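Chemist: structural data only, the sequence is not supplied:
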């Protein structure tokens, strides 16, 4: 490669957010190679064939635009106005600024000949125009409109945002609460269809709110997945994040079920009941069989809905479809097309169906209108049941209620990628740099979002994702929250260890998140585990986003850090879904699994980790005893659990979350990172039915312990 071409690539890379190096967990610096830079530039959609094309891309990026596509301002910052970029000769003699909100034009100002916009601080061609100082929080469209035959003109999205994300009144000052994590798919009951559903969730949440004084219940992401083995079971590998997995629908709770004799007859039939009994008794969730049953019965309910008189319900459904608009129609169309091409993912569909806006897709929508409406009907019923859960949880006394989870990205062959192809970099995957367990790094099969493309659309897609996932009056966990700042890209043809970080536009993303969290009154929790730069954690704190603190990791050498050293603006817990339960941790069950499956790069690493674990266990026992939290070793695991819960209850953290698997003394973890088929990820059921959990004295005693140490909710 010529020196000129290398120089052009090196100049382009930072303009596109490609970081020059990363530092791994051992402190080694990895410079971003020229090959990686070129591969990422290509994935970003830039033309990189030769020096001429590189110069053209560089010229486009270095040229200042008349208006940027997005501007974010706090109310205090409105006095700064907004920048435009033009030469003195190109300033129009007569132009007007117009600001529009949801209800039309709300402000305007005209400039006549002789009015000279003040110069800005961004260069010789930068000028600053005024904004009204009393704009409420919200989204606005700002237009600069020149007189006829004059140029330039343009528009951008203005976001007026609060300085921090939403924090409920009861958590301000020294306020705090606690809750329980329930993997929804894992719930067993005498009435569900082999997977936990929204009725199970409602029943447990009401009981936990009234009887246990819990402040919230956390659940796994409910995003729509394909429910197919082996790769499409993880809630963190969704098809789309705006809509839900229909296996969680309580089919018998849909109003049409009570009025549909055909559906009742099917469900009561011997074959159906035999199938239900098998699905309920299985220790693992059979996603495909459950999905098949729920679709069959839902089709009868939909038929009843269309053919019988349901005036109130019909109006509600119409309002829901109108509110969701094109996004819901495209998702439902994708579902119907996936049935039409059952053995192919969308990149392998006939070319004319790969574009959601093509005439062939519109023709398909007309000819398959009823099937598309069916998938919209399912989503509507899920949302209705979730809204009921939220109301009843708050009524039970829970100050937060539902704590949901937002996945980092989506699979490239799913509905979200099909609908929004323009913003995804299909020539790369999100991943992670090398670490102890993955010395070659990781690639996750999730196409990255191109930061500038998302910005060009005014963050429309991002806003919709937030609105569909922020539970009203609840909490939202942001998986891999560092992705708001930068993401690790692994381009096609490049090994993960040779990947690079690509910066986004964190202030704009966080500004929108802050605004949406206030609009929905939702608390935000960032999953900031692992190697996260101190500056990122400092920024999250400034934005009011709760950090995540895990007991296993919060230590100095092997000893746990004292409870009072935990930060207040945090969620504390023993573990997460990717980690062993306390019982499994103590019995080294996770090490056994990794050794059994050959996940250690060198065989001696397992023995080394056993040694470290034993040292950590001794340090934990010593620390717990020093605080007077561990009295007896007669029933060590139960006493240990009580002691660790007490330790975390003593922290000032706003939230404490306890995993139901720990409360029940189970040793298996839900997900073992680095595995797909050889570990039952996302399939293991809780061994007890929820009826037994509700009557279990152990769970009540542990809840009483939290309340006695941490203070009761009310």
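Modeler: It's in. Values in this document were obtained by computation on a predicted structure and should not be read as measured data.

Chemist: name the residue closest to the centre of the chain, please.
Modeler: residue 406 (1.8 Å; CA atoms, centre = their mean).

Chemist: please tell me I have it right and that one contacts residue 236.
Modeler: No: using CB atoms under 8 Å, residue 406 is not in contact with residue 236, being 9.9 Å away. C-betas here are computed from N, CA, C, even on glycine.

Chemist: who touches both of these two?
Modeler: Here residue 406 and residue 236 share the contacting residues 221, 479, scored by CB atoms under 8 Å, 6 or more residues apart in numbering.

Chemist: about what we covered before: now do the nearest residue to the residue nearest to the centre of the chain once chain neighbours are set aside, the pLDDT please.
Modeler: Sequence neighbours aside, residue 469 is the residue nearest to residue 406 in space, at 4.9 Å (criterion: CB to CB, 6 or more residues apart in numbering). If you check residue 469, the pLDDT there is 98.

Chemist: over to residue 151?
Modeler: So, for residue 151, pLDDT stands at 61.

Chemist: try residue 600
Modeler: 89.

Chemist: got the contact list for it?
Modeler: Residue 600 neighbours (CB under 8 Å, 6+ apart): 437, 594, 606, 609.

Chemist: centre of the chain to the lowest-mean-pLDDT helix or strand in the chain, how far?
Modeler: Least confident helix or strand, the chain: strand 126-129 with a mean of 80, by mean pLDDT, DSSP states H and E. Its chain's average C-alpha position is 37 Å from that of strand 126-129, according to CA atoms, centre = their mean, to the nearest Å.

Chemist: mean confidence score for stretch 273-291?
Modeler: On average, stretch 273-291 scores 98.

Chemist: span of it from start to end?
Modeler: Start and end residues of stretch 273-291 are separated by 15 Å (CA to CA, to the nearest Å).

Chemist: list the buried ones in that stretch?
Modeler: Under the neighbour-count criterion of 16 or more other CB atoms under 10 Å, stretch 273-291 has 275, 276, 279, 280, 285, 286, 287, 289, 290, 291 buried.

Chemist: which residues touch residue 373?
Modeler: Residue 373 neighbours (CB under 8 Å, 6+ apart): 302, 332.

Chemist: distance of it relative to residue 305?
Modeler: 10 Å (CB to CB, to the nearest Å).

Chemist: give me the beta-bridge partners of residue 180?
Modeler: The partner list for residue 180 in beta bridges (DSSP bridges) reads residue 217, residue 658.

Chemist: just the pLDDT for it.
Modeler: 98.

Chemist: hmm, it is touching residue 214, no?
Modeler: Yes: under the criterion of CB under 8 Å, residue 180 makes contact with residue 214 at 5.7 Å.

Chemist: okay, those two: which has more neighbours?
Modeler: residue 214 (28 against 25; other CB atoms under 10 Å).

Chemist: now that one, what's its secondary structure?
Modeler: coil (DSSP: H, G, I helix; E, B strand; the rest coil).

Chemist: tell me who's in contact with it.
Modeler: Taking CB under 8 Å, 6+ apart as the test, what residue 214 contacts is 177, 178, 179, 180, 208, 398, 703, 713.

Chemist: let's see 7 Å
Modeler: 178, 179, 180, 208, 398, 703 (CB atoms under 7 Å, 6 or more residues apart in numbering).

Chemist: which one among these gets closest to residue 131?
Modeler: Distances from residue 131 to the contacts of residue 214, taken as CB to CB, are shortest for residue 398 (40.4 Å).

Chemist: name the nearest residue to that closest one, ignoring sequence neighbours.
Modeler: residue 209 (4.1 Å).

Chemist: state the number of residues packed around the one you found.
Modeler: Close neighbours of residue 209, defined as other CB under 10 Å, add up to 25.

Chemist: before we move on, which element is it in?
Modeler: Using DSSP states H and E, residue 209 maps to helix 198-210.

Chemist: by contact count, what packs against that helix?
Modeler: In terms of contacts (3 or more CB pairs under 7 Å, 6 or more residues apart in numbering; DSSP states H and E), helix 198-210 is packed against strand 177-182, strand 216-219, helix 369-395, helix 690-695.

Chemist: among the ones you listed, which is nearest residue 487?
Modeler: Across the helices and strands packed on helix 198-210, residue 487 has its closest neighbour in strand 216-219 (24.5 Å, CB to CB).

Chemist: show me what whatever helix or strand comes next after the closest one is in contact with.
Modeler: Per DSSP H and E, strand 216-219 leads on to strand 223-224 as the next helix or strand towards the C-terminus. With contact meaning CB under 7 Å, 6+ apart, strand 223-224 is reached by 235, 238, 239, 240, 241, 243, 244, 245, 407, 415.

Chemist: distance to residue 707 added to the helices and strands packed on helix 198-210, as a markdown table?
Modeler: Shown next, in a markdown table, are these (distance: least, CB to CB, whole Å):
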| stretch | distance to residue 707 |
| --- | --- |
| strand 177-182 | 8 |
| strand 216-219 | 14 |
| helix 369-395 | 18 |
| helix 690-695 | 17 |
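
Chemist: I'm done for today, thanks for sticking with me.
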